[in-house]
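*Asks:* kindly return the folded structure for what I paste below:
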Amino acid sequence: MTTMILERSFDSRGISDRFQEYSLEPDLFAELEQFIATSDLPHNVKDTARRKLADPTLSWETIAQNSTPPVVTSTA
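*Replies:* Residues are numbered from 1 along each chain as shown. Now for the predicted structure:
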């Protein structure tokens, strides 16, 4: 989401107005991290969520293989 803000400046020629567009996008990563940190999710679930957020290219199989303790994956 963006919003337009009027910027007014004064100089020797008088008053100058212009609209400047600013982004109001919330930091989604920070919001997700806050949710993870304050949730009552088990530690291993929080760890998995943080690893997926840090590297979205990780497959669930890779995360499972590198988990401690190891997690069994199924393709069924």
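
*Asks:* doesn't Phe19 make contact with Arg8?
*Replies:* No - Arg8 is beyond contact range of Phe19, at 10.4 Å (criterion: C-beta atoms under 8 Å). No exception for glycine: its C-beta is placed from N, CA and C like everyone else's.

*Asks:* so where's this structure uncertain?
*Replies:* Residue ranges of the chain with pLDDT under 70: 1-4, 6, 22-26, 73-76.

*Asks:* residue nearest the middle of it, spatially speaking?
*Replies:* Phe29 (1.7 Å; C-alpha atoms, centre = their mean).

*Asks:* quick check, that one in contact with Leu53.
*Replies:* Yes - at 6.5 Å, Phe29 counts as touching Leu53 under the criterion of C-beta under 8 Å.

*Asks:* ok, the residue nearest to the centre of the chain - contacts?
*Replies:* For Phe29, the contact set (C-beta atoms under 8 Å, 6 or more residues apart in numbering) comprises Leu53.

*Asks:* can you tell me the element it falls in?
*Replies:* In this structure, Phe29 sits in helix 28-38 according to DSSP states H and E.

*Asks:* helices or strands up against whatever helix or strand comes next after that helix?
*Replies:* The first helix or strand that comes after helix 28-38 along the chain, using DSSP H and E, is helix 43-54. Helices and strands touching helix 43-54, by 3 or more C-beta pairs under 8 Å, 6 or more residues apart in numbering; DSSP states H and E, are helix 28-38, helix 60-65.

*Asks:* next, format these as a markdown table and append distance to Arg13.
*Replies:* Below are the helices and strands packed on helix 43-54 laid out as a markdown table (distance: least, C-beta to C-beta, whole Å):
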| stretch | distance to Arg13 |
| --- | --- |
| helix 28-38 | 42 |
| helix 60-65 | 61 |
